[in-house]
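S.K.: Next one to model:
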Amino acid sequence: MYRPTAFRQDDLTTLHAQIDSTGLALLTSNGPAGLQATHLPLLLAADEGEFGTLYGHFARANPHWQDLTGQEALTVFSGPDAYVHPGWYPGKAEHGQVVPTWNYIAVHAWGQVEVFDDADRLRLLLERLTARHEAGRPRPWALDDAPSEYLERMLRAIVGFALPIRRLEGQWKLSQNRQAADRAGVREGLAASDNPRDRELAARMTP
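M.R.: Just a heads-up that it's a prediction; the model follows:
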C-alpha cells in the first residue's frame, strides 16, 4: 500500500481496533489459479503471534480456498471513506489552487493461510464469530439454537482457515497534509453531510 508519511498508521492497538470494527473484509490471493478475491467476516485473535492471527471460513464450494495452502494472502479492511469537496478549503477563495481528493481509513494484513476442516475446530470458530456479531442483541442466536443434524451438514459445507499476520499496514488519510484551516474546513463539511459515512469520517479527524 502506498503510504505517504503523513498518513501512516503503525500503532498496533489502533490497527487491531479497525480490524475489529470492520464487518466484512476482502481476502485476496494470487495462487496457481490466478488472482482471486472473497469477501468474508473475519475474527482477530490479537494475542496470537506478533501482529495477531485472522480466522474465517469459506463455503466449501468456493474454489478459492483450494488455491490458498502455502500461498501468501492479502486481507483488506476498509474503514469510512469520503469525497473531499475543494470548496471546503479556505484557500479556494484566496488562490484557487485546490483540487478534489478522497479521505479514507484502511488496513492491509498479509500472511500465509492454513486451511482446516476439523469439525471441532470449525465449530469453535463459528461459536466465536457468532458470539461477536450477536453480542448486544435482545435474543442473541447461538449454534445450539439450530438442530444438531442441520448444523452438522452446515459444518461439512464450509472450510476454515487461519492467517497469522506477518505484515500489517494502516493508512489514515484524514487531511493531515493540509493546513489547520483546511483540515477544519474538511471536517466541518463532512460533519454537515447527509451521508453517515461522511459524518463517521469527520468524527475520526482530530482538530
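
S.K.: what's stretch 132-142 in contact with?
M.R.: With C-beta atoms under 8 Å, 6 or more residues apart in numbering as the test, stretch 132-142 has contacts from 23, 41, 43, 127, 130-131. Every residue, glycine included, has its C-beta placed from N, CA and C.

S.K.: quick one: terminal-to-terminal distance for it?
M.R.: 11 Å (C-alpha to C-alpha, to the nearest Å).

S.K.: count of residues packed around the closest residue in space to residue 63 that isn't next to it in sequence?
M.R.: Using C-beta to C-beta, 6 or more residues apart in numbering and skipping residues adjacent in sequence, the residue nearest residue 63 is residue 33, 7.0 Å away. By other C-beta atoms under 10 Å, the residues close to residue 33 number 11.

S.K.: Would you mind listing which of the contacts of stretch 132-142 are buried?
M.R.: When those are checked for burial by 16 or more other C-beta atoms under 10 Å, the buried set is residue 43.

S.K.: Could you dump the contacts of stretch 132-142 into TSV with secondary structure and distance to residue 201 added?
M.R.: Formatted as TSV, those follow (DSSP: H, G, I helix; E, B strand; the rest coil; distance: C-beta to C-beta, whole Å):
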residue	secondary structure	distance to residue 201
23	coil	17
41	coil	22
43	strand	25
127	helix	34
130	helix	30
131	helix	29
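
S.K.: Can you say which two of the contacts of stretch 132-142 are spatially most distant?
M.R.: 23 and 127 (18.3 Å; C-beta to C-beta).
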